[in-house]
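Novice: Everything below, folded, please.
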Amino acid sequence: MNRTRRVAGGGRAVEVAPERLGGWFARFADRNGGIAHTRPGADEVVVTAGNGATATVTVPFPPLDAPGDLDALIAHANAPRRIGLLLVRLGGHSVGVAEGGRVVVSRTAGRLVHGRSAAGGWSQQRFARRRDAQARQAVRAAASDAADVLGTRLPELDAVVLGGDRAALDEVRRDRRLSGVFALALPRVLDVAEPRRSVLDEAAKRALAVEVVVRDA
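Specialist: Next up is the predicted model:
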């Protein structure tokens, strides 16, 4: 099943597996009076249907080297790639390398980070200091594993896909060892659950998915 979410300004974003992209556009055309025209680009492709509905594709792993018709986009989306995955939340992280949607190298770890305390006074301050220390340890652990798993394999990777909590990822980004990792990172950040190996496996497939924003006529 395609994953769908609402987007600002109206419409919905759909994650489509690359091998299903051709069929998805065939159904889009059937529902909306055919394809009127396609506006290709290196980073974005806009398909307008006969009734005025649009499907805007953010080109996965840009740029699209030879922008043309939908066949060029579909071929690009289905090209084999080796990608890095970095999923981080405050309580854990999962790092891996995937080929064809399958994780081939990985490392996953969790760290206890307490939630906020409702107590006041000195007790609250002590709790806040302890929580900050736990959060720093969690970030350092995530950065170290990312450096070990991804940093040593940068020449092999086509891109890095991020997932999890943006604030936690920004903290990990501060580690100088990871400048090359984040230089390869795509803008998209996957919304994932607490990182575990099973979540990493799902992210490996979602990382290849093509995001299409559909706006009805």
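Novice: mind giving me the domain ranges of the chain?
Specialist: Following automatic domain parsing, one gets these domains for the chain: 3-79+209-215, 82-206.
Novice: any chance of the ones you listed in TSV, with mean pLDDT and mean neighbour count too?
Specialist: For the C-beta atoms, the positions are set from N, CA and C on the backbone; glycine is no exception. Shown next, in TSV, are the domains of the chain (pLDDT from 0 to 100; neighbours: other C-beta atoms under 10 Å):
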stretch	mean pLDDT	mean neighbour count
domain 3-79+209-215	94	16
domain 82-206	86	17
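Novice: start to end distance for stretch 31-40?
Specialist: 22 Å (C-alpha to C-alpha, to the nearest Å).
Novice: Please enumerate the helices of this structure.
Specialist: Here the chain has its helices, by DSSP state H, at 21-31, 70-77, 121-149, 166-173, 179-183, 197-206.
Novice: With distance to G96 added, can I get those in JSON lines?
Specialist: Listed next are these as JSON lines, based on distance: least, C-beta to C-beta, whole Å:
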{"stretch": "helix 21-31", "distance to G96": "24"}
{"stretch": "helix 70-77", "distance to G96": "21"}
{"stretch": "helix 121-149", "distance to G96": "7"}
{"stretch": "helix 166-173", "distance to G96": "15"}
{"stretch": "helix 179-183", "distance to G96": "13"}
{"stretch": "helix 197-206", "distance to G96": "5"}
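Novice: Give me the distance between E171 and R177.
Specialist: 14 Å (C-beta to C-beta, to the nearest Å).
Novice: nope, E19 is what I meant
Specialist: From E19 to R177 the distance is 36 Å (C-beta to C-beta).
Novice: ok, now R102?
Specialist: 27 Å.
Novice: nearest residue to V189 other than its sequence neighbours?
Specialist: L162 (4.9 Å; C-beta to C-beta, 6 or more residues apart in numbering).
Novice: hang on, the one you found packs against L86?
Specialist: Yes. The criterion here is C-beta atoms under 8 Å, and L162 meets it with L86 at 5.4 Å.
Novice: any common contacting residues for the two?
Specialist: Residues touching both L162 and L86 (C-beta atoms under 8 Å, 6 or more residues apart in numbering): L169, A185.
Novice: Look at D216 and say how many residues are nearby.
Specialist: Neighbours of D216 under the rule other C-beta atoms under 10 Å: 13.
Novice: so what pLDDT did it get?
Specialist: Note for D216: predicted pLDDT of 93.
Novice: now stretch 78-86, how far from the centre of its chain.
Specialist: How far stretch 78-86 lies from its chain's middle: 11 Å, per C-alpha atoms, centre = their mean, to the nearest Å.
Novice: Ignore what I typed, I meant stretch 165-179.
Specialist: With C-alpha atoms, centre = their mean, you get 15 Å for stretch 165-179.
Novice: Would you mind putting the CA coordinates of that stretch into CSV?
Specialist: Output of stretch 165-179 as CSV, limited to C-alpha atoms (Å, rounded to 0.1, in the frame of the first residue of the first chain):
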residue,chain,number,x,y,z
ASP,A,165,13.7,13.5,14.7
ARG,A,166,15.1,16.6,12.9
ALA,A,167,16.4,18.2,16.1
ALA,A,168,18.3,15.0,17.0
LEU,A,169,19.7,14.8,13.5
ASP,A,170,20.9,18.4,13.7
GLU,A,171,22.8,17.6,16.9
VAL,A,172,24.4,14.6,15.2
ARG,A,173,25.2,16.8,12.2
ARG,A,174,27.5,19.0,14.4
ASP,A,175,30.0,16.1,14.6
ARG,A,176,32.9,17.0,12.3
ARG,A,177,33.5,13.4,11.4
LEU,A,178,30.2,13.3,9.6
SER,A,179,30.6,16.3,7.2
